[in-house]
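Colleague: Need a 3D model of the following:
(2 chains)
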Amino acid sequence: MAGGYKQQPGSRSSETRKDGKRVAGKQSFAPPGSGGSRPKMAERDLDFIPEMVGGKEHQPAGAHIHDRARTGTTVGKRIPLVDANAKVTGQAWYGDDVRLQNEIIGRIVRSPHHYAKVVSVDTSKAENLPGVLAVATGDDAPNKFGVLPVTKDEHAMAVEKVRHVGDLVACVAAIDEATAREAAALIEVEYEVLDSIHDMKKGLEDVDEPIHWRGKYHVGTTNVQKRVFQEFGDRSMVENPSAMYHGKWKFQGVNHGFTEPHAVVAHWDSNGRLQLYTPQQVPHYAHRALATVLEVPMHQINVIRTFVGGGFGGKSDPFPHEMCAAILARKAGRPVRINFDREEVFWVNRGRHPSHIEVQLYADEDARISGFDIDALIDGGGFASFGHVTSYYNGVLATAPYELGSFHYTGARVWTNKPASGAMRGHGAVNTRCAVEVGLDDMAEQLQVDPIDLRLANLLPPHSRTISGFRITSNGMRQALQKVREGSDWDNKFRKLPLGKGIGIGCGFFISGSGLPIHWDPNKFPHATVHMQIDMDGGVTVHTGAADIGQGSTTAVAQVVAEVLALPIEMIHVRSHESDTSPVDLGSYSSRVTFMNANAAIRAALEIKEKLLNAAWDVLGYHPDTLVLNDRRIYYKHDPAIGMSYLEALHKAQEDKGALISSGAYRSPPMGGVHKGAAAGLAPAYSFSAYVAEVDVDVETGLIKCTDVWAAHDCGKALNPLAVEGQIIGSCHMGLGQVLTEQMVYGRSGHLQNPNLLDYKIPSVHEMPNVTPIIIESCDPEGPFGAKEAGEGPLLPILPAVVNAVYDAIGIRVNDLPLTPDKIWAAITKKMKIERIEDATNLPVPRLDFSELQEKLAKRAAEHNIRDKKRQTTEDTSAYVNGVLFGFDPNIPLEEQVEGWAHADKPSAEQLAELGLAGKAWLKEEQRNMGGEN
Amino acid sequence: MLMPPFILHVPGSVEEACQIAGDLISEGKEFDWIAGGTDLIPNYKWHINPKSDVISLASIEGIDTISMNEVGCMARLHDIAESDEVHSLIAEAASKVASSLIRRNATLGGNLCLDTRCFWYNQAEEWRSSIDWCHKADCGTGSDCRVIPNQNTLCVATYQGDIAPNLMVLGGIAHIIGPHGAREIPMSEFYQLDGITRNVLEKGEFLLKITFSDDIKNWIGKYRKLRLRESWDFPEAGVAAAWVQGDKSTMRLATTALESIPRLHDEEVASCEGDIAKLANTIFANVKPVNNTSLPPRYRRNMIKVLVKRVCED
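Modeller: Reported below is the predicted structural model:
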């Protein structure tokens, strides 16, 4: 194919320069879409075409259903994000970059009290201030909303009560910010201060005035917003354990710390439709909530997602300030902008829950994990937000990657008078994961075995089922552990480093998309839909509701379409900003976007491909099965000289109907159990990760520096390794913040003491370790080209890896995150007193002498390695459920094989007597219809 | 974040600056000096004690000298940190202030006259109103101190400048100028309790420059700073020590970020006669940090022992 094939009908050699570029003005038909200055077809990039379909791309995990759609164009290649130019040149339009004509400025009046009844709001002075164009209060928007349909407990502004310092009371709009601020100060609010609750443990107690009433039933008269009980497996297995870990953990709340503060512009256009500009991760939920609060049908609202300057879960709730802007704009008859100061970002929060988590782990004589007992009390702050789900996730996302003899979880989320907690990268899984992984490290020490081997000998295989009924498909956990062990030189370092230097391991497990769409029946409407359109110019316009929040979803969608149609990625234009043009999409949360939207996009692209190939069949006379798509050209596979350009085929296909259009959708297959809460944590695929961290601990000051991280993450298939590595490194940074320095500090008076980015300590570039990202490709059978999530899961392992490395360095475990130097110093000082050591530089460091179990575990891990390989490549397709390691038959329900193998979603009478902290929520009787709507 | 409006005066000479200050005083107006603005502007954005007038020193020529014997108030910290002319201890201290971006703007004068800090005070206006203000910025309410309640007379906000203790141990002389003339005072006496008073500057005066004797080039020293992050953060504790090269008996030692003023510890050094462990314990016993910065006071105080050891040891 030397010289290649020309892409444009009618182009002649006499009109082509010797350097291959077009001669200006000499062509009869300027060919937009034909590849610009590349008139010749590139050769097929066999390195990026799977070996199963004739390419050279190695497929250790076997074939994939999308292999035949691969063209070697973009998938698997390191390409910059398609919106990167806009961002690095300052042209990306974030919330604060939107400027509409006649725009005015809104400002929110916030509560100075933790908890109070709003007795009266006098807005008259503000209304009379020159320059003020609108004032609104809770009376203007009585309808409740919330991100989850089951827990709507928010108002645009306080209706009866304010629930934390910073809660919204009223809002004003004026000609400029100074006037708006002045007007806000003139609004007089009379409060009746109530007794506030700040300690989440107090949230479990009965009170006169709970922060919310829970609707149909309330847990006593407490502030419990959600309680969960889940028990699986055989509880008798935990009796007489060979090793047991008991840890009481404390996690401070953390905030997403995104760069762009919230900003919104609301504008009622000339037709009376609301145009709302907002940096939203989940525009569709905001769309629904706006319709409810404003009492306007959804079709009269256009939600325009601006570029999002970081979200991480913090921009996924519908927010009261979005309602406020719309209410003010409707009253003022002019567009209203509200920009947040950083304090306001902290007050709206939705960060990771402050938590008390108690875990007990058990191992039997064969070092099998006979039980996980987890009790998680989480502090929800003033509103429900995503808390219903978080309450489950804190438990159920610990049911893998290990095979368990039993699992027992009690969880409770309480309302307190703090800014609301919500979803944050690694939603609900991070804190428990840290406690569990540290527990495994501790048990390995008791058993005198290597903690990596302990893990390797207890992993669930690919294509299996967890104890809680989650369907595991692809599973690269084992390779991840093997790779970090190798990369970090673990065997020569673990328990062998001098005092102050340590190395530690941690694993992670996370959902790749949530299995159930929250707002509708999955059988009635798909999870994700993508529309495509190609007009005469050959450019492909893709409409998707996938919200790019910096994670690269637009790039992922563009990539898969480019891949299927074998077009340069510049020819794919993704339109995802407006709800008017985007198909309904659930948004960017639960690490669902690449998995679901890329799958939908592949389907839409395959439909177009079929139309193109049929057109080529008409012209060339060769059946589509014998035609090859490659770089803007379609040709007969046995003789590439017989072919036509993409544009020719396109124009042929357009003869009767004009522009080609198609629609693709994704829906997850039916899965999971039927027990209460079975849907929580259910996902069409799961990601796995393993990190090794190395730390330096200054034994005199307690300061910890993480120096190196080997970070292996199983993302199924890296559609874009550059983007995956970015997510891994970014996750490391964010997780390091939580484990070492970041915390929302509530002082003695209950006020958030550090609502600014000087005192809220996000690690700087100096604190970043040298991260070696390692991509594991387990090729998920249902993922787009095999891909799974990479945005959240990689955060999980860094926390326990660092905590375990600190133990390796100084022999001390601190169960209170973040590991600020004062805590480490206090623990060292305590240990020195107990062990009568004068000088911290003489602290003993842990060393490891293997027990007999070690060899046994290594042998089991080696056997499992063979087992897993066979299962991964589907050489072995036998059933595998959690319990096989304990000798059970996967083909017979376990309840029938073991007496006591059961599931429970409520504690028994005996259990009530011995519940943990969160479990105590089950001691309260349900009270019916105390108030509230849900 | 919107600053309250103020009138900005931009004098072109020291004399004009003093003139403007004098005029404003006689008109009964409140004002602040501004140099690099990295301390003042964030406070103004939070509406912390804003004034109606601000006098900028940025357009005065010749007050940004950086040499072994003199450093001007408008010398940028970045330039000091990068300079080969200035004493290496001062360069080291300057390099540890905040972040590279802030050091480009921040000045020596601003750092030395840094406002004292407290987490009840360095907050947005709405936040401070929710605690009914505090003693240092009471907005006319006569509020109590939130760190040590029920005293209402003393502000215990913490001085968190990095450079001051280093100038103290190097024997720096502060040159002060104002409408009533110029005066000199050793850096060790420049600071004055409490957290509101901060230093000896009278109304209308500003810190013009720091000078050093020719002897300074024989001195060497170290500065150690306790902080959570290697960028951005103010010191949670800081210890500087200097001595004539080859003669530790000449050692001088100063601390910062532990109280409302930085302190030179000549008496403690003299009483310990070169016993570093004893010195560390003595200073530990003599400083009393309070709970108003990121790290707990007990820890910060204990770290003094470690920092003293680390600056004194070879």
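Colleague: Touching, B:N43 and B:D115? I think so.
Modeller: Yes: B:N43 is in contact with B:D115 according to CB atoms under 8 Å; the separation is 6.3 Å. C-beta here means a position set from N, CA and C on the backbone, and glycine is covered the same way.
Colleague: where along the stretch 51-200 of chain B do the strands fall?
Modeller: Using DSSP state E, counting those that start in this stretch, the strands of the stretch 51-200 of chain B run over B:53-56, B:70-72, B:173-178, B:181-186.
Colleague: Buried ones in stretch A:802-816, by neighbour count?
Modeller: Buried residues in stretch A:802-816, defined by neighbour count with 16 or more other CB atoms under 10 Å in any protein chain shown: A:802-815.
Colleague: Between these, which sits nearest chain B?
Modeller: Using CB to the nearest CB, A:V814 comes nearest to chain B of the buried residues of stretch A:802-816, at 13.8 Å.
Colleague: The closest one and A:P846: what is the separation?
Modeller: A:V814 sits 15 Å away from A:P846, going by CB to CB, to the nearest Å.
Colleague: Alpha carbons only: can I get stretch A:805-824 in PDB?
Modeller: Output in PDB follows, covering the C-alpha atoms of stretch A:805-824 (Å, rounded to 0.1, in the frame of the first residue of the first chain):
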ATOM      1  CA  ALA A 805       3.700   1.700  55.700                       C
ATOM      2  CA  VAL A 806       3.700   3.900  58.800                       C
ATOM      3  CA  TYR A 807       3.400   0.800  60.900                       C
ATOM      4  CA  ASP A 808       6.300  -0.800  59.000                       C
ATOM      5  CA  ALA A 809       8.400   2.400  59.700                       C
ATOM      6  CA  ILE A 810       7.700   2.900  63.400                       C
ATOM      7  CA  GLY A 811       5.700  -0.100  64.700                       C
ATOM      8  CA  ILE A 812       2.700   2.000  65.600                       C
ATOM      9  CA  ARG A 813      -0.800   2.000  64.200                       C
ATOM     10  CA  VAL A 814      -2.900   5.100  64.600                       C
ATOM     11  CA  ASN A 815      -6.600   4.600  63.800                       C
ATOM     12  CA  ASP A 816      -7.500   8.300  63.600                       C
ATOM     13  CA  LEU A 817      -7.200  10.000  60.200                       C
ATOM     14  CA  PRO A 818      -5.700  12.200  59.100                       C
ATOM     15  CA  LEU A 819      -2.300  11.100  60.500                       C
ATOM     16  CA  THR A 820      -1.200  14.600  61.400                       C
ATOM     17  CA  PRO A 821       2.200  14.800  63.100                       C
ATOM     18  CA  ASP A 822       0.700  15.600  66.500                       C
ATOM     19  CA  LYS A 823      -1.100  12.300  66.600                       C
ATOM     20  CA  ILE A 824       1.900  10.300  65.500                       C
END
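Colleague: now that stretch, how far from the chain's geometric center?
Modeller: With CA atoms, centre = their mean, to the nearest Å as the basis, stretch A:805-824 stands 27 Å off its chain's centre.
Colleague: And stretch B:201-217, by the same measure?
Modeller: Worked out by CA atoms, centre = their mean, stretch B:201-217 lies 13 Å from the chain centre.
Colleague: re the thing from before, what is the nearest of the buried residues of stretch A:802-816 to A:A862?
Modeller: A:N804 (23.8 Å; CB to CB).
Colleague: returning to what we had before: which members of the buried residues of stretch A:802-816 are positioned in helices?
Modeller: Under the assignment DSSP state H, the buried residues of stretch A:802-816 contribute A:802-810 to helices.
Colleague: Those residues also near chain B: which ones?
Modeller: Subset of those in contact with chain B: empty, counting by CB under 8 Å from any CB of the partner chain.
Colleague: Just send those back as CSV, with distance to A:V560 and pLDDT too.
Modeller: Shown next, in CSV, are these (distance: CB to CB, whole Å; pLDDT from 0 to 100):
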residue, distance to A:V560, pLDDT
A:V802, 35, 98
A:V803, 38, 98
A:N804, 38, 98
A:A805, 38, 98
A:V806, 42, 98
A:Y807, 43, 98
A:D808, 42, 98
A:A809, 44, 98
A:I810, 48, 98
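Colleague: So which residues on the stretch 801-934 of chain A come close to chain B?
Modeller: A:820-822, A:825-826.
Colleague: The stretch 551-700 of chain A now?
Modeller: Counting by CB under 8 Å from any CB, the residues of the stretch 551-700 of chain A that sit close to chain B are A:E700.
Colleague: how about the strands in the stretch 551-700 of chain A?
Modeller: A:572-575, A:627-630, A:633-636, A:639-645, A:660-666, A:686-697.
Colleague: Closest one to chain B out of the residues of the stretch 801-934 of chain A next to chain B, please.
Modeller: A:D822 (3.7 Å).
Colleague: before we move on, back to that, would you turn the buried residues of stretch A:802-816 into a markdown table with distance to A:A547?
Modeller: What follows is those, written out as a markdown table (distance: CB to CB, whole Å):
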| residue | distance to A:A547 |
| --- | --- |
| A:V802 | 31 |
| A:V803 | 33 |
| A:N804 | 35 |
| A:A805 | 36 |
| A:V806 | 37 |
| A:Y807 | 40 |
| A:D808 | 41 |
| A:A809 | 41 |
| A:I810 | 44 |
| A:G811 | 46 |
| A:I812 | 43 |
| A:R813 | 40 |
| A:V814 | 38 |
| A:N815 | 36 |
